[in-house]
Each structure stands twice: as structure tokens, then as C-alpha cells.
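Participant: Starting from these lines, generate the structure:
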Amino acid sequence: MHTVERWFGPQFASLHPMLQKLHREGGSLRGVAQVQYGKGLGGWLGRRLAARLGVPKGVQSLDFEVSIRSDDHALYWDRCLNGHTHVASVFVPVGTWPQGYWLEKSGKLRLVLGVDVVDGGWRWVPLRYSWGGITVPRFLTPRVVAGKSIQQGRYQFDVAIYLPVLGLLFAYGGALVPQPSASSGF
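Facilitator: Got it, this is the predicted structure:
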């Protein structure tokens, strides 16, 4: 049993069968992500944030590929944007569902993420943020809406980042198709 299944325990069965398979066996998904920016100052900040994440300037869509795998210790996501920008994430589980959470670290940023299972999909629930070891006060933290589900046989994902007062900074999402692989079984 890999990390994801062990972390969810009996709740793992509530995930859509395609999400269960992906997190048991790993796999690669590919498609096009739609990109959206906020207006005014929020949009200006969103474009800068998107550029730091590797999104080419001015695009409204981009080729998106993600490889997902897990082992006994962590969940790994390796994303490729437009065939050349790579973004890797490692999620380390703490405890088990529903009180447990996942730790994601990216540079100086550390996220503490809970999970809700909604209609067989996986919704991240941001709990805390820290930057360089300092907890960011809740009123300054962005509101992140992110998750994955299966719709019409495709892996649907969405990420949107909002700031108080400024509204939407940046959002991206789309439908991905499993890619054949000897290891994934797709």
C-alpha cells in the first residue's frame, strides 16, 4: 500500500476509481491548461506569480503534462509546461485522513494542506502557509481553490489563487488524458 492509500485509509474507496488507480500505480497525464488572470493590481501580481511558476508571459493556454507517483514516504508530482518548464512538488503525509494533512515545500514556501473528498474528487484545503519558517498571518494568506476529479473519463484539475481585497490573481486548469505507460497500466 502506497502513501496516498495509507493516508486516506477507508476514505480512499470514496475517490473515483481512476483516481484510485492513478495513486496506486502512478501515471502520466497530458492535455491543455487554460490560463486566466485577475484584473488590475491582482492581475499584475498574478502575472508575476505565474511567471515564477514557469508560465510563459501572455499565454492563455499551455500544453500541460504531469507525472504522478508515490512511494512509502511521499507523493510526487512532476509537471511540464509547454514542453520545457519543469515544476516538481513533493507532498509528505502527516497523520491520516480526516485530521491528517500533507506538507508541500517549494523553496522558502511551505504549505500545510488538508483534503476533502467531494463527489469522488480530491479538493485541497489549505490550512497554513509559512515563508522562510515564519507563519504567514491568516488575513494575509492567499485563498487557494485547487483540486482534481474525473469528468467524462478525463482527469480534470483546477487551481485558482485569490488575495483579500484584490480578488483573483491567477488561475489555470483543464482536462488531462492518461498516457500509455508500461508502469502505469493505462
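
Participant: When you work out contacts or count neighbours from here on, use the C-alpha atoms and nothing else.
Facilitator: Will do.

Participant: got a pLDDT number for the residue nearest to Q99 when sequence neighbours are not counted?
Facilitator: Nearest non-adjacent residue to Q99, counting by Cα to Cα, 6 or more residues apart in numbering: G114, 7.9 Å away. Reading off the confidence values, G114 has pLDDT 96.

Participant: Dig out what G114 forms beta bridges with.
Facilitator: For G114, the beta-bridge assignment (DSSP bridges) gives partners V125.

Participant: Do a quick rundown of the strands in this structure.
Facilitator: Defined through DSSP state E, the strands belonging to the chain, from first to last, are 27-37, 61-70, 75-81, 85-94, 101-106, 109-118, 121-131, 134-135, 143-151, 154-163, 167-179.

Participant: quick one, which of those is nearest to Q11?
Facilitator: strand 109-118 (8.1 Å; Cα to Cα).

Participant: and the residue nearest to Q99, what does it touch?
Facilitator: When the contact criterion is Cα atoms under 8 Å, 6 or more residues apart in numbering, the partners of G114 are P98, Q99, G100, Y101, W102, W124, V125, P126, L127.

Participant: ok, the third one touching V112?
Facilitator: Which is G100. No. Taking Cα atoms under 8 Å as the definition, G100 is not a contact partner of V112, at 9.9 Å.

Participant: higher neighbour count, these two?
Facilitator: Taking other Cα atoms under 10 Å, G100 and V112 do not tie; V112 has more neighbours (21 against 15).

Participant: any idea how far the more buried one lies from R69?
Facilitator: With distances taken as Cα to Cα, to the nearest Å, V112 is found 20 Å from R69.

Participant: that older thread, mind giving me CSV with the strands of the chain and columns for distance to F12?
Facilitator: Formatted as CSV, the strands of the chain follow (distance: least, Cα to Cα, whole Å):
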stretch, distance to F12
strand 27-37, 18
strand 61-70, 14
strand 75-81, 15
strand 85-94, 14
strand 101-106, 14
strand 109-118, 9
strand 121-131, 10
strand 134-135, 31
strand 143-151, 14
strand 154-163, 17
strand 167-179, 20
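
Participant: V55 is nearest to which of these?
Facilitator: Using Cα to Cα and comparing those, the one that lies nearest V55 is strand 75-81, at 7.0 Å.
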